[in-house]
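A.B. asks: got a predicted structure plus its sequence, pasted below:
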Amino acid sequence: MLTLQQPIVLDSKAISSANLCDRFEDADLQDIGIECWTGYDLDERSREHWLKRNEAGMDLALQIQKDKSFPWPGCANVAFPLVTIAAQQFHARAYPAIVNGVDVVKCATFGEDPDGKKGAHASRVSTHMSWQLLYQDKCWEEQEDKSILNLSIVGTNFKKSYYSASEKHNVSELVLAKDLVLNYWTKSVNECPRKTHKIPMQRNEIYEKVMRGTYRDCLEESWYKETPAPKQSTTQVNKDNRQGVTPPQPDNTTARLILEQHVNLDLDDDGYAEPYIITVDADSKYVLRIVTRFDQESDIERVAAGPRKGKIIKITSMEYFTKRTFIPSPDGGIYDIGFGIFLGPLNEAVNSLVNMLLDCGTMQTTKGGFLGRGAKIRGGVYTFAPFEWKRVDSSGDDLKKSIVPLEINEPSQVLFQLLRLLIQYTSRVSGTTDITVGENPGQNTPAQTSNNMIEMGQKIYTAIFKRIWRSSKEEFQKLFKLNGLFLPLDLPQVGGATRADYQGSADQISPVADPNVTSESMKLQMAVAVKQSAASTPGYDHDEVEKRFLKALHVDNVDVIFPGTKGQPPPKDPKLVIAETNIQGKLQIQERELQARMWEFVTNLQEERILTNAKVIELQAKAAEAAANAQNEEAYAQVALINADISRAKAHGESLIKRIDQIIKAAKIQADFKLGVLDIQHSKKEASK
């Protein structure tokens with residue numbers, strides 16, 4: 001147990017202090033550094049077996065080829081990409097489903113909201129936190145992308161959420177499982193009494209933190225001036241092999257390993273181990289910083305009365321790390337398993353079979369044999385080129401008898417069947433079946449059968465999605481609390497959110513992504529089904545249904561394209577619309593029939609007018625002929641009768657023209673009236689808008 005010569009006093013000044021190192025003696029700081037490093041070393045030893053399995057799985061994912069000398073030097077050395085395919089397929093499904101558009105964070109509302117205040121508050125928080133992750137914290141989406149791919153291979157990683165004083169905003173960065181050292185058998189991250197974050201830090205970074213007063217002054221220490229010792233651990237060597245690099249000799253630009261340990265230690269000697277963050281240089285064990293892992297006196301629960309009044313009962317600490325789980329470890333360890341460990345033995349077996357078949361093919365193609373003493377051939381290796389012949393001192397018959405080829409069997413069909421079986425079961429375990437990776441299931445396969453096959457093939461992904469959704473919810477809730485502590489007072493942020501919006505409970509915060517939706521087609525099907533149900537069932541918020549449908553189609557600027565139906569007149573009763581449509585259809589039919597009869601009547605009048613004109617011309621011709629041949633009064637009387645007939649015919653023709661003009665004018669007036677009515681209706685609509 002750690003025993004200090006001069007314990008500190010845990011008061012409000014200590015809680016708000018940026019560094020408590022100046023409150024300790026140098027000997028006490030040295031003991032604290034040794035205590036932290038010793039605990040870190042114990043935790044590293046507890047997870048050695050997991051680290052070895054993790055390194056092997058990462059080698060399979062990166063298809064690292066290791067040197068082999070069996071069955072002969074230079075034999076086949078193929079790394080089959082089973083783990084790689086499984087990780088890529090999971091990443092391709094998970095990343096666009098989790099980071100989908102500009103909506104990442106959702107603030108839910110519970111209970112009735114008659115005045116809409118809860119909904120407005122939820123909208124402000126959702127908009128602001130989504131903006132923080134996607135735009136303010138510029139590395140978050142890139143870190144999320146890397147986190148999902150790494151998670152599928154390793155099985156565990158962490159998100160570290162904190163307020164960055166230098167960046168002036170919240171940061172949620174990825175911490176790989178190998179860089180966060182926990183005791184393997186601890187129950188959970190929250191209950192783990194010691195968490196050590198390994199941080200490579202450049203000399204300039206340490207210098208800056210010293211100058212800002214964040215770190216204890218170490219610029220004159222020998223360990224700071226010296227070049228860091230080279231790291232030759234097994235983990236470092238394996239990492240260098242995977243990256244295909246040879247690390248240079250350490251110099252002044254080589255990063256130092258800094259241990260940031262979140263630990264419970266009793267530094268005030270009251271019997272209760274308080275939560276602290278202690279930063280230590282790994283090589284020298286020099287303590288750089290000590291701060292409390294809680295921010296205010298209200299986080300301390302004390303005894304209210306009695307002889308132990310004022311004693312600490314419990315301190316509610318701030319948790320920085322959020323664990324992400326791919327597949328829970330069956331042995332109960334804190335580090336879970338991914339495809340690297342899950343598929344490792346199968347992948348190794350497939351690698352062995354593939355290399356065995358290749359080596360067998362090599363022997364079959366380039367087989368040798370035995371040479372008898374009767375063959376007079378000079379020693380050495382003979383190579384042949386096309387059209388080349390070698391001279392020997394033996395006769396053909398002696399040479400044939402002295403050379404005995406080595407009998408080599410063809411590759412066994414059992415090996416091919418075993419290889420096919422292993423690959424098939426690997427695909428079933430990882431969920432990368434043919435139909436789920438986009439391959440054709442076969443001709444004449446019913447659509448419903450294909451959908452059922454896809455759904456069953458994605459069951460494993462659905463469970464993993466729910467675990468990621470759960471961890472993202474915890475991460476966002478940490479960021480919610482940080483906003484309540486560090487946002488500027490009464491200064492509106494993006495979306496109209498203020499610090500007051502983050503003073504409540506963080507239980508309403510959750511990711512927007514639906515953990516049950518594992519594909520874009522499923523999301524669109526759900527949106528279509530909801531829209532169809534809303535069209536036939538009352539009680540739906542039709543604006544929200546339409547917006548979700550447009551978002552499922554990946555339409556940009558949904559609020560601009562569809563601002564909603566609020567403020568517009570309510571839709572008519574469907575029965576009334578149907579009745580009006582039927583009446584309007586009947587009126588249109590009657591109007592068309594009336595117009596058809598009218599134009600038929602006009603056509604008949606025009607034909608009668610044409611006949612009348614022809615009759616007038618005929619009568620005029622007869623009158624002219626009769627006038628030319630008239631010799632007596634009777635003939636002139638006949639001409640007068642013809643002229644009278646002509647006058648009557650012309651009068652009848654003029655009356656026909658007037659009737660046609662009147663009908664056309666009446667039709668034009670009716671058309672103008674309809675246009676006027678339409679213009680009035682359009683003007684009213686514009687005025688209502």
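C.D. replies: Cool, the structure landed.
A.B. asks: elements contacting whichever strand or helix holds T581?
C.D. replies: Assessed by DSSP states H and E, T581 sits inside helix 574-629. With contacts taken as 3 or more CB pairs under 8 Å, 6 or more residues apart in numbering; DSSP states H and E, helix 574-629 sits against helix 633-688. Any C-beta I mention is one placed from the backbone N, CA and C, and that applies to glycine too.
A.B. asks: hang on, the earlier thing: now the helix holding T581: mean pLDDT?
C.D. replies: Helix 574-629 carries an average pLDDT of 74.
A.B. asks: residue ranges for the helices of the stretch 101-250 of the chain, please.
C.D. replies: Assigned by DSSP state H, counting those that start in this stretch, the stretch 101-250 of the chain shows helices spanning 117-131, 140-154, 203-211, 222-225, 234-243.
A.B. asks: give me the contacts around the first one.
C.D. replies: What that stands for is helix 117-131. Helix 117-131 has contacts (CB atoms under 8 Å, 6 or more residues apart in numbering) with 102-109, 111, 113, 476, 479-480, 483, 493-497, 501-502, 508-509, 512.
A.B. asks: chain center to that helix: distance?
C.D. replies: 21 Å (CA atoms, centre = their mean, to the nearest Å).
A.B. asks: the residue nearest to the spatial centre of the chain is in what secondary structure piece?
C.D. replies: Centroid-nearest residue in the chain: P96, 2.6 Å away (criterion: CA atoms, centre = their mean). Assessed by DSSP H and E, P96 sits inside helix 82-98.
A.B. asks: in that helix, which residues are buried?
C.D. replies: The neighbour-count check on helix 82-98 (16 or more other CB atoms under 10 Å) flags 82-91, 93-95, 97-98 as buried.
A.B. asks: re the thing from before, C139 versus the residue nearest to the centre of the chain, what's the distance?
C.D. replies: As judged by CB to CB, to the nearest Å, P96 and C139 stand 19 Å apart.
A.B. asks: just to revisit the earlier point, to R648, which of the helices of the stretch 101-250 of the chain lies closest?
C.D. replies: Closest to R648 of those is helix 117-131 (CB to CB; 86.2 Å).
A.B. asks: got the buried residues for the closest one?
C.D. replies: 118, 121-131.
A.B. asks: with these in mind, which one is nearest to F370?
C.D. replies: Scanning the buried residues of helix 117-131 for proximity to F370, where the rule is CB to CB, the winner is S130, at 75.7 Å.
A.B. asks: what average pLDDT does stretch 202-209 get?
C.D. replies: Averaged across stretch 202-209, the pLDDT comes to 92.
A.B. asks: for that stretch, what is the distance to the chain centroid?
C.D. replies: The answer for stretch 202-209 is 35 Å, by CA atoms, centre = their mean.
A.B. asks: ok, residues contacting it?
C.D. replies: Residues outside stretch 202-209 that contact it (CB under 8 Å, 6+ apart): 215, 218-219, 224, 252-253, 255-256, 258, 288.
A.B. asks: could you identify the helix or strand that succeeds the worst-scoring helix or strand of the chain on mean pLDDT?
C.D. replies: The helix or strand of the chain with the poorest confidence is helix 447-457; it has a mean of 49 (mean pLDDT, DSSP states H and E). Downstream of helix 447-457, the first helix or strand assigned by DSSP H and E is helix 459-486.
A.B. asks: who does that next one touch, helix- and strand-wise?
C.D. replies: Other elements packing on helix 459-486 under the criterion 3+ CB pairs under 8 Å, 6+ apart are helix 82-98, helix 117-131, strand 156-164, strand 169-176, strand 321-325, strand 509-511.
A.B. asks: one more pass at 6 Å, please.
C.D. replies: strand 156-164, strand 169-176, strand 321-325, strand 509-511 (3 or more CB pairs under 6 Å, 6 or more residues apart in numbering; DSSP states H and E).
A.B. asks: quick check: angle from it to strand 156-164?
C.D. replies: 20 degrees (axes from the mean of the first three to the mean of the last three CA atoms, to 10 degrees).
A.B. asks: next, the angle strand 321-325 makes with helix 459-486.
C.D. replies: Angle, helix 459-486 to strand 321-325, by the same axes, to 10 degrees: 170 degrees.
A.B. asks: show me how far helix 459-486 is from its chain's centre.
C.D. replies: Taking CA atoms, centre = their mean, one finds helix 459-486 lying 14 Å from the centre of the chain it belongs to.
A.B. asks: before we move on, what about stretch 39-55?
C.D. replies: For stretch 39-55, the distance to the chain centre is 32 Å (CA atoms, centre = their mean).
A.B. asks: residues of that stretch that come out buried?
C.D. replies: 39-40, 43-44, 46-47, 50-51, 53-55.
A.B. asks: what comes into contact with it?
C.D. replies: Stretch 39-55 is contacted from outside by 154, 181, 183-184, 194, 196, 238, 259, 335, 341, using CB atoms under 6 Å, 6 or more residues apart in numbering.
A.B. asks: could you list the low-pLDDT ranges of the stretch 351-500 of the chain?
C.D. replies: Segments of the stretch 351-500 of the chain classed as low confidence (criterion: pLDDT under 70) are 430-459.
A.B. asks: helices of that one, start to end?
C.D. replies: Under the criterion DSSP H, counting those that start in this stretch, the stretch 351-500 of the chain contains helices at 396-402, 413-430, 447-457, 459-486.
A.B. asks: could these go into TSV alongside mean neighbour count and distance to N190?
C.D. replies: Written out in TSV, the entries for those read as follows (neighbours: other CB atoms under 10 Å; distance: least, CB to CB, whole Å):
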stretch	mean neighbour count	distance to N190
helix 396-402	13	79
helix 413-430	14	31
helix 447-457	13	35
helix 459-486	19	9
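A.B. asks: with respect to T292, which of those lies nearest?
C.D. replies: helix 459-486 (14.1 Å).
A.B. asks: now that closest one and helix 82-98, what's the angle there?
C.D. replies: 50 degrees.
A.B. asks: angle of helix 459-486 against strand 169-176?
C.D. replies: 140 degrees.
A.B. asks: packing partners of the host helix or strand of V280?
C.D. replies: Per DSSP H and E: V280 is located in strand 274-281. With contacts taken as 3+ CB pairs under 6 Å, 6+ apart, strand 274-281 sits against helix 26-46, strand 256-265, strand 287-292.
A.B. asks: could you dump these to TSV with distance to T603 and mean pLDDT?
C.D. replies: Putting the helices and strands packed on strand 274-281 into TSV (distance: least, CB to CB, whole Å; pLDDT from 0 to 100) gives the following:
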stretch	distance to T603	mean pLDDT
helix 26-46	103	95
strand 256-265	98	95
strand 287-292	101	96
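A.B. asks: please identify the most buried of the ones you listed.
C.D. replies: strand 287-292 (a mean of 22; mean count of other CB atoms under 10 Å).
A.B. asks: extract the C-alpha set from it and format it as PDB.
C.D. replies: Presented in PDB, the C-alpha positions along strand 287-292 are these (Å, rounded to 0.1, in the frame of the first residue of the first chain):
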ATOM      1  CA  VAL A 287       5.400  12.200 -12.300                       C
ATOM      2  CA  LEU A 288       4.400  15.000 -14.600                       C
ATOM      3  CA  ARG A 289       0.900  15.800 -13.400                       C
ATOM      4  CA  ILE A 290      -1.700  14.900 -10.800                       C
ATOM      5  CA  VAL A 291      -5.300  16.100 -11.000                       C
ATOM      6  CA  THR A 292      -8.600  14.900  -9.500                       C
END
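A.B. asks: strand partners of the very next helix or strand once past that strand, parallel vs antiparallel please.
C.D. replies: Later in the chain than strand 287-292, the nearest helix or strand by DSSP H and E is strand 300-302. Strand 300-302 has the following strand partners under DSSP bridges: strand 312-315 (antiparallel).
A.B. asks: pull the strand it pairs with out as CSV, backbone CA atoms only.
C.D. replies: Provided in CSV are the C-alpha atoms of strand 312-315 (Å, rounded to 0.1, in the frame of the first residue of the first chain):
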residue,chain,number,x,y,z
ILE,A,312,-16.2,10.5,2.4
ILE,A,313,-18.7,7.8,1.5
LYS,A,314,-18.3,7.9,-2.2
ILE,A,315,-16.9,10.1,-5.0
